[in-house]
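Participant: Next comes the sequence, and after it the predicted model I'd like to discuss.
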Amino acid sequence: MGKTLAEKVWDAHVVRKGEGEGANAQPDLLFIDLHLVHEVTSPQAFEGLRLAGRQLRRADLTIATEDHNTPTLDIDKPIADLTSRTQIETLRANCKEFGVRLHSLGDKEQGIVHVVGPQLGLTQPGMTVVCGDSHTSTHGAFGALAMGIGTSEVEHVMATQTLSLKPFKTMAINVEGTLRPGVTAKDIILAVIAKIGTGGGQGYVLEYRGSAIRALSMDARMTICNMSIEAGARAGMVAPDQTTYDYMQGRPHAPEGADWDAAVEYWNTLNTDADATFDVEVDLDADTLEPFVTWGTNPGQGVSLSAKVPSPDDFGDENAKAAAERALQYMGLEAGTPMKDIRVDTVFLGSCTNSRIEDLRVAADIIRGREKDPNIRMLVVPGSARVRLEAEAEGLDKVFKDFGAEWRFAGCSMCLGMNPDQLEPGERCASTSNRNFEGRQGKGGRTHLVSPVVAAATAVRGTLSSPSDLESAAAGTLTGIAV
Amino acid sequence: MEAFTTHTGVGVPLRQSNVDTDQIIPAVYLKRITRTGFEDALFAAWRKDESFILNQAPFNAGSVLVAGPDFGTGSSREHAVWALKDYGFKAVLSSRFADIFRGNSGKQGLLAAEVSQDDIELIWKVLENHPGTEIKVDLVSKTVECGNVVAPFEIDDYTRWRLLEGLDDIGLTLQHEEDITAYEATRPAFKPKTLPAKVDAR
């Protein structure tokens, strides 16, 4: 019988097969091709190595950057928050001691770890990629098996370049059809999570398939794979194809010459065999998909933008009902309110989900020549210093600044507010990030997860909006004049 | 890691689903570079509310947390496990754990015991009707006991064995060092290396 993509990548990395069969099997020992490191989940792992007198096994398969704590303003000045500064300085000292390549604040390759790996060409099809960050699933867009790990596992990878893992089950997410204008990869993944729930992918590797996925760019595929973890799946994958190769070719660490040919020959085998079976298959219709937004406090609590805030009574399950009640209270929302009537205070365009160059381009296209709602503050935080430079070369920074948005330096920023970019209590945000958890963007902050195009349209209108609302708003004004 | 066989301690009912790791420990506490001292950070936002369960005796002295489904979702932060342990929790019961959280727990000797939601409901009732009731968690027999409720729990055999023996993962893996070296020799040349850096980033 054939194998799925995930099984092929898994099998190619087994250092030692676990003894036993089925449920009682011991975990397999898998080799890790790339270990991404950042300042938050690594200090205790480095310390663990030191205490045990262990070496970093493969510095040449390890790379670090500073992202979670870094300020997005005044990056040439010392970091004001002392604990943040200590954590960054600790990373710098650890990287120096263990010989790890580090892209520090101020350097051209610094940025969110999941933006940096792909743009350097270090993320490639068929690899195993890990990082002490749950959004490592992003790298699955290249057909890599990529997953987030805890700090103990970070230390394990540092010491052994392997991980002990129990095989996953496989789930196909089939997305067939053509997305309508204004509907994006973000809407696909938010709809998937709403459909299968925050625990629906638990124990599975998701493989996103179908014509709608094949039509997506790499940036868009990364957005989808990024949020696999929000459906409970540790990893999500897309089989590599010409789109993948075109993205990779010429990147600094992409293979060259004969290596490139050998790599492509191998990458071409990385797809699910026709006779392979998934443990579960889920279908989503791209043709009918609308822009999707969240109303609650977990990423599964989402609806179409044209829908209304649901009522707890809409949920049959007692736990879901209680969760909805609590979420509505936290979010300060009343059931039955049209989502488009919800007024927001802040728009955040950024995070490892939506901070790549295409995300900035589509948002800029919508706001270009339009005026920002005067009550909205908008933060634009490129995913990496490289993305920022690229955007500036295209003049996007000017579009954002003319609109009245703040053009910031790269980092995780307001996605999780470990730096000064935070929401105030009660402040409502349309955010292109990945988590609408209570307090995630700042204590008491209220988050609606949206796509970059919805973020941009919302910044114009002041309420949750799609680009199509902007056109109809303009038409409405004309009608008003005629009357 | 300290071995885990049985533990008996006050049960804490947390009637909530989808308790994500941002709730267990907000990001602001992740700036520390130590592995201990996170007890103040546990459920920090919720603990500001006086009616929160951990602000009430006898639950504030609890060591077995009984939570709703999908516990530990979201961020991979192992700090969530450290905070639970530092506060004094030895075990968490839930009908479903997020994968990364469960893995992190196993590495740190915090028992993540999967109990059916029906049994969780029964245990919640006992704890709410008789605050201070102790729960006995027995990893050998894979059962929990709370008042008159005796329920089985699930945990994968490998994690159970490691917890029972108190084994260090890295030590176990390094016993297979030869296998790792042999694998490394077979890796294709086109696989990327981070060193030397092929960019001038300055």
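Facilitator: Thanks, I have it.
Participant: low-confidence ranges in the chain?
Facilitator: Chain wasn't specified; assuming chain A. Residues of chain A meeting the criterion pLDDT under 70: A:23, A:472-483.
Participant: residue closest to the middle of it?
Facilitator: A:Thr353 (2.9 Å; C-alpha atoms, centre = their mean).
Participant: ok, longest strand in chain B?
Facilitator: strand B:6-14 (DSSP state E).
Participant: And the longest helix belonging to chain B, what's buried?
Facilitator: Using DSSP state H to define each element, chain B has its longest helix at helix B:117-129. Neighbour-count burial for helix B:117-129, counted by 16 or more other C-beta atoms under 10 Å in any protein chain shown, picks out B:Gln117, B:Asp119, B:Ile120, B:Glu121, B:Leu122, B:Ile123, B:Trp124, B:Val126, B:Leu127. Quick note: C-beta positions are derived from backbone N, CA and C, even for glycine.
Participant: can you give me the end-to-end distance of stretch A:54-68?
Facilitator: With C-alpha to C-alpha, to the nearest Å as the measure, stretch A:54-68 spans 27 Å from end to end.
Participant: Actually, stretch A:264-274.
Facilitator: The first-to-last residue distance of stretch A:264-274 comes to 20 Å (C-alpha to C-alpha).
Participant: Could you measure from the residue nearest to the centre of chain A over to chain B?
Facilitator: As judged by C-beta to the nearest C-beta, to the nearest Å, A:Thr353 and chain B stand 14 Å apart.
Participant: Over to A:Ala80?
Facilitator: Counting by C-beta to the nearest C-beta - A:Ala80 and chain B are separated by 13 Å.
Participant: can you pull the contacts of that residue?
Facilitator: A:Pro71, A:Pro420 (C-beta atoms under 8 Å, 6 or more residues apart in numbering or on different chains).
Participant: Just to be sure, it is in a strand?
Facilitator: No: per DSSP: H, G, I helix; E, B strand; the rest coil, A:Ala80 lies outside any strand segment and is coil.
Participant: thinking A:Glu66 is in contact with A:Ile88, fair?
Facilitator: Yes: between A:Glu66 and A:Ile88 there is a contact under C-beta atoms under 8 Å: 5.5 Å.
Participant: so how far is the host helix or strand of A:Gly48 from its chain's centroid?
Facilitator: Following DSSP states H and E, one finds A:Gly48 within helix A:43-52. How far helix A:43-52 lies from its chain's middle: 28 Å, per C-alpha atoms, centre = their mean, to the nearest Å.
Participant: Please apply the same query to stretch A:266-273.
Facilitator: For stretch A:266-273, the separation from the chain centroid amounts to 24 Å (computed by C-alpha atoms, centre = their mean).
Participant: List the buried residues for it?
Facilitator: Result for stretch A:266-273 [16+ other C-beta under 10 Å]: buried residues A:Tyr266, A:Trp267, A:Leu270, A:Asn271, A:Thr272.
Participant: With adjacent residues omitted, what lies nearest to B:Asp169?
Facilitator: In this structure, B:Asp169 finds its nearest non-sequential neighbour in A:His156, 5.6 Å apart by C-beta to C-beta, 6 or more residues apart in numbering or on different chains.
Participant: Next secondary structure element downstream of the helix or strand where the one you found lies?
Facilitator: With elements taken from DSSP H and E, the one containing A:His156 is helix A:151-160. Moving toward the C-terminus from helix A:151-160, the next helix or strand (DSSP H and E) is strand A:162-165.
Participant: just checking, B:Gly74 touches A:Phe437?
Facilitator: Yes: between B:Gly74 and A:Phe437 there is a contact under C-beta under 8 Å: 6.2 Å.
Participant: Find residues that contact each of these two.
Facilitator: B:Asp20, B:Asp22.
Participant: Find the residue at the geometric middle of chain B.
Facilitator: Note: chain B centre (C-alpha atoms, centre = their mean) maps to B:Ser105, 3.4 Å.
Participant: out of the buried residues of stretch A:266-273, which are inside strands?
Facilitator: Using DSSP E, none of the buried residues of stretch A:266-273 sit in strands.
Participant: ok, of the residues you listed, which one's closest to chain B?
Facilitator: Nearest to chain B, judged by C-beta to the nearest C-beta, of the buried residues of stretch A:266-273 is A:Tyr266 at 7.0 Å.
Participant: Pretty sure the closest one sits against B:Pro188.
Facilitator: Yes: at 7.0 Å, A:Tyr266 counts as touching B:Pro188 under the criterion of C-beta under 8 Å.
Participant: So which residues of chain B form helices?
Facilitator: B:21-24, B:44-47, B:79-87, B:99-108, B:117-129, B:157-165, B:169-174, B:177-186.
Participant: Could you dump the ones you listed into CSV with mean pLDDT added?
Facilitator: Compiled in CSV, those are given as follows (pLDDT from 0 to 100):
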stretch, mean pLDDT
helix B:21-24, 98
helix B:44-47, 97
helix B:79-87, 98
helix B:99-108, 96
helix B:117-129, 98
helix B:157-165, 93
helix B:169-174, 93
helix B:177-186, 98
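Participant: report the longest strand in chain A, please.
Facilitator: Counting by DSSP E, the longest strand found in chain A is strand A:169-176.
Participant: Mind giving me the packing neighbours of the very next helix or strand once past it?
Facilitator: Sequence-wise, the next helix or strand downstream of strand A:169-176 (DSSP H and E) is helix A:185-196. Judged by 3 or more C-beta pairs under 8 Å, 6 or more residues apart in numbering or on different chains; DSSP states H and E, helix A:185-196 is in contact with helix A:218-226, strand A:280-285, strand A:292-294, strand A:302-304.
Participant: Adding distance to chain B and mean neighbour count, write those out as a markdown table.
Facilitator: Putting the helices and strands packed on helix A:185-196 into a markdown table (distance: least, C-beta to the nearest C-beta, whole Å; neighbours: other C-beta atoms under 10 Å in any protein chain shown) gives the following:
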| stretch | distance to chain B | mean neighbour count |
| --- | --- | --- |
| helix A:218-226 | 13 | 27 |
| strand A:280-285 | 16 | 15 |
| strand A:292-294 | 13 | 26 |
| strand A:302-304 | 14 | 21 |
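Participant: Fine, thanks again, bye for now.
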